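In: using only what follows, build the 3D model:
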Amino acid sequence: MSRTCGESLCTERMNWMELIPITELDKQEICGWHYQGLYQIYNLPSYAEMKVSSMGFASPEKEKNFYVWRETGHLIGYVNLLEKPDGIFIGIGIQPTLCGQHYGRRLLTEAVRLAQELYPGKTLYLEVRTWNQRAVRCYEHVGFVLDGAPYTQTMHRSEGRLSRRGRTCLFVRRQRRAHRSSGIWPVSLLTFFFGPQRATPR
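Out: Numbering: from 1, shown residues only. Got it, this is the predicted structure:
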């Protein structure tokens, strides 16, 4: 049964969605997304610049890790499933005008399902900034819990671009859903696209 949410794109088929491999058109569209306020840190370089730097989904070796969610012809979001020695790193990105409408929960739920199908028995984790409370609610809802203390992380994009350094947390998925506590560290989506970076514990 469908539910239409005002003027937004959220005609929701709550019992079904599908992640499909990313295409060149998807990559170009995602590079054109523009977040506002603090979320501007998630804005990507142009696709041409990303290809020169072999960054993220512009890398022939990494693009196979990326999937997208399209609904009624619109690109809703994308997923990065990166296999690492210590588990599967999950990253998600939502179209900026759809943020805060629970699309992240649906996308992350499907990302978990796909990761468990492709990499059975592997630990699933997210690596995220400490200031985004919207994101921590999303992760907890899907069953991730904070693992360890926050640490400092530096993220590099490409030559001539600013490096960003900030406090980061690690969230790991447990079998039982996490319960929110007042002491939980808020997180964000910053490292989702780029994957884990070298971090300095603090």
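
In: hey, let's count contacts and neighbours off CA atoms from now on
Out: Will do.

In: burial of residue 120, as a residue count?
Out: When neighbours are defined as other Cα atoms under 10 Å, residue 120 has 10 of them.

In: how far away is it from residue 44?
Out: 31 Å (Cα to Cα, to the nearest Å).

In: tell me which element residue 105 is part of?
Out: If you go by DSSP states H and E, residue 105 is part of helix 103-118.

In: next, the buried residues of that helix.
Out: Within helix 103-118, the residues that count as buried by 16 or more other Cα atoms under 10 Å are 103, 104, 105, 107, 108, 109, 110, 111, 112, 115.

In: following it, which helix or strand shows up next?
Out: Remark: after helix 103-118, the chain's next helix or strand is strand 124-129, criterion DSSP H and E.

In: neighbouring strands - and their directions - for that following strand?
Out: The pairing partners recorded for strand 124-129 under DSSP bridges are strand 87-94 (parallel), strand 164-173 (antiparallel).

In: residue 20 pairs with what?
Out: With DSSP bridges as the rule, residue 20 is bridged to residue 68.

In: for it, give me its contacts.
Out: Applying Cα atoms under 8 Å, 6 or more residues apart in numbering, we find residue 20 in contact with 67, 68, 69.

In: got TSV for those residues, with distance to residue 75 and pLDDT too?
Out: Listed next are these as TSV, based on distance: Cα to Cα, whole Å; pLDDT from 0 to 100:
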residue	distance to residue 75	pLDDT
67	11	98
68	7	97
69	6	96
